[in-house]
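Q: Here is my input, please return the structure:
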Amino acid sequence: MRRAAPAGPPPRRRRFGQHFLHDPAVIRRIVTALHARPGDHLVEIGPGRGALTGELLALEGCTLDAIEIDRDLVRELEARFEDPPRHRLHAADALQFDFAALARARGGPLRIVGNLPYNISTPLLFHLAQALPAVTDMHVMLQREVAARIAAGPGDAGYGRLALMLAPQLRSERLFDLGPGAFRPPPQVWSAVVRLVARPAPLFAVSPNYARVVAAAFSRRRKTLRNALGTLLTREQISACGQDPAARPESITPQGFNTLAQALDRTSARD
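A: Model prediction:
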């Protein structure tokens, strides 16, 4: 009787945006940049086939929680998580994961690391930002274009909603770029490793309407503030905030958008 061929690795699932990191030099650079210390509570998002996971498991005195949505990969990784409760593997969707609850269970804030799936990186960053102060920092791989947008300032080509939503609470630093060959299969784009650190205090007291104003401004990016925010604020209100109604949204600072949002706060309070 013919012996069955040994099972190979689980197939890549395109819907999860899987490109598996494999370059040992890149992995070493990420772990070095992390500067992990005993007592740190690490969380790896998207461990994939475990290339980075092995190095994180070896960090002395740290806990590690890994979050993987692909059940086939979870089965492949399970054998490596043999030290509960210090090391735990979660079969879960990171977009739905309760990071604040995990921080409470671990007894301290979390440090995020991982190769974020490029097809969900922006909503995932917003989800993580909402978990502050349960998350102290992130060392994540992103599409290089997304990394540039995070670091962009007023007037820069990539400046927009992503930078504006993260800037009040997070400091960003682009650490290094890496080419497609660092992954299997190689993506069509270059990537970058970014460090995001929670600020001790927000840059300003963020208005409840800040996200709404930013989203409205960039839903019609090439319009003026007056046209983009016309359903929320009048020309006179925009001027009273010290902003030119004829200015483009991509020229306005985070503090400027917050001032506009505060004007909307006052309008809503009167209604």
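Q: In contact with residue 138, which residues?
A: With contact set as Cβ atoms under 8 Å, 6 or more residues apart in numbering, residue 138 has these partners: 111-113, 125, 128, 194-196. From N, CA and C alone the C-beta is placed, and that goes for glycine too.
Q: Give me the distance between residue 173 and residue 147.
A: Applying Cβ to Cβ, to the nearest Å, the value for residue 173 to residue 147 is 10 Å.
Q: Make a markdown table from the contacts of residue 138 and add pLDDT and neighbour count to it.
A: Formatted as a markdown table, these follow (pLDDT from 0 to 100; neighbours: other Cβ atoms under 10 Å):
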| residue | pLDDT | neighbour count |
| --- | --- | --- |
| 111 | 98 | 20 |
| 112 | 98 | 23 |
| 113 | 98 | 27 |
| 125 | 96 | 23 |
| 128 | 96 | 26 |
| 194 | 97 | 23 |
| 195 | 98 | 16 |
| 196 | 98 | 21 |
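Q: So which of the residues you listed are in helices?
A: 125, 128 (DSSP state H).
Q: could you redo the contacts of residue 138 as TSV and give each row distance to residue 141?
A: As requested, the contacts of residue 138 are arranged in TSV below (distance: Cβ to Cβ, whole Å):
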residue	distance to residue 141
111	15
112	12
113	9
125	12
128	14
194	8
195	11
196	12
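Q: Angles on the backbone of the closest residue to residue 155 other than its chain neighbours, please.
A: Closest residue to residue 155 apart from its sequence neighbours, by Cβ to Cβ, 6 or more residues apart in numbering: residue 251 at 5.9 Å. Main-chain torsions, residue 251, degrees, to the nearest 10: phi -100, psi 0.
Q: Count the neighbours of residue 251 for me.
A: Counted with other Cβ atoms under 10 Å, residues neighbouring residue 251 total 13.
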